[in-house]
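K.L.:
Predicted model, plus sequence, below.
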Amino acid sequence: EADILKALSYNQLVQDLVTESNEQGAFTKQEIDQFDAQWQASSAQNNNTDPLVSSVIFNALSDEFRQFQEDFPQHIEIFLTDRQGINVAATNITSDYYQADEEWWQVAKQDGLYIGQPEYDKSADAIAIIIAVRVKLPDNERSIGILRTTVALETLTDSLASGLFGETGHTDIYLPDGQEIEFEVKEDGTYKTELVDAELDINILTRSSEKYLEIVHDDTPTLASQALVNV
């Protein structure tokens, strides 16, 4: 998904629109605060007719982003900021107008790529993973903007389903912030995914040298195996 987003960052409309926004000059901090307050008020009311909002979500690039979503529906929200961190194109109204104070924006600008932990995304109303990439000109490494997507966690369901054992097995993903993603098959054969407070101290697993061990999970004796993944 990150590679797909990097490819999208070289789209000609992306390059042209972010360059045009940068060339218009920087806003003052006071102006940005005013615009951000106006945007957040519109977002709270889901008001797409506000002139500031409509200029961002109803331009040619935003239309292209929505076309992109038809081919890659796991990308449930896509938006672009200029180098100052303000929105210039988006598939939908985001919760904020100004993004440069966000960790994902700062990391993407500094390192070129940000991939977050699964979390509840307010704008998308879904458990999802944030991915952001630096937008740059083909012949220059300097950042001219940031392109961000929100990838639905359901994208991972096939991979998670392959790890289920028999009729009673289920897969849990433990996150560094003390939460876990519970994944199991419902009676109708569909999948259920939830983000909840972790019921298990993962140090029990990480301190063990055994490939499999028995633990008590959700008050039930459980055969567990671990796979450590650094993100």
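P.N.:
Now that the structure is in, tell me what you want to look at. This one's a predicted model, so the numbers in the text were calculated from it and none came from an experiment.

K.L.:
can you list the residues that contact the top helix by length along the chain?
P.N.:
Secondary structure of the chain per DSSP state H: the longest helix is helix 29-44. Helix 29-44 is contacted from outside by 27, 47-48, 50, 52-53, 84, 86-87, 93-98, using Cβ atoms under 8 Å, 6 or more residues apart in numbering. Every residue, glycine included, has its C-beta placed from N, CA and C.

K.L.:
If any of those residues are buried, put those into a ChimeraX selection.
P.N.:
In ChimeraX, a selection of the buried entries from the contacts of helix 29-44 looks like this (16 or more other Cβ atoms under 10 Å):
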select :50,53,84,86,87,93,94,96,97,98
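
K.L.:
Out of the contacts of helix 29-44, flag the one nearest to Asp201.
P.N.:
Ser95 (33.1 Å; Cβ to Cβ).

K.L.:
does that closest one sit in a helix, a strand or a coil?
P.N.:
With DSSP: H, G, I helix; E, B strand; the rest coil as the basis, the three-state label of Ser95 is coil.

K.L.:
wouldn't it be in contact with Asp121 here?
P.N.:
No: applying Cβ atoms under 8 Å, one finds Ser95 not in contact with Asp121, separated by 9.1 Å.

K.L.:
At which residues are the strands of the chain located?
P.N.:
Ranges of strands in the chain, per DSSP state E, are 75-82, 87-90, 113-115, 119-121, 126-136, 143-152, 171-174, 179-185, 191-197, 212-217, 220-225.

K.L.:
and the fifth one, which strands flank it?
P.N.:
Yep, that's strand 126-136 we're talking about. strand 113-115 (antiparallel), strand 119-121 (antiparallel), strand 143-152 (antiparallel) (DSSP bridges).
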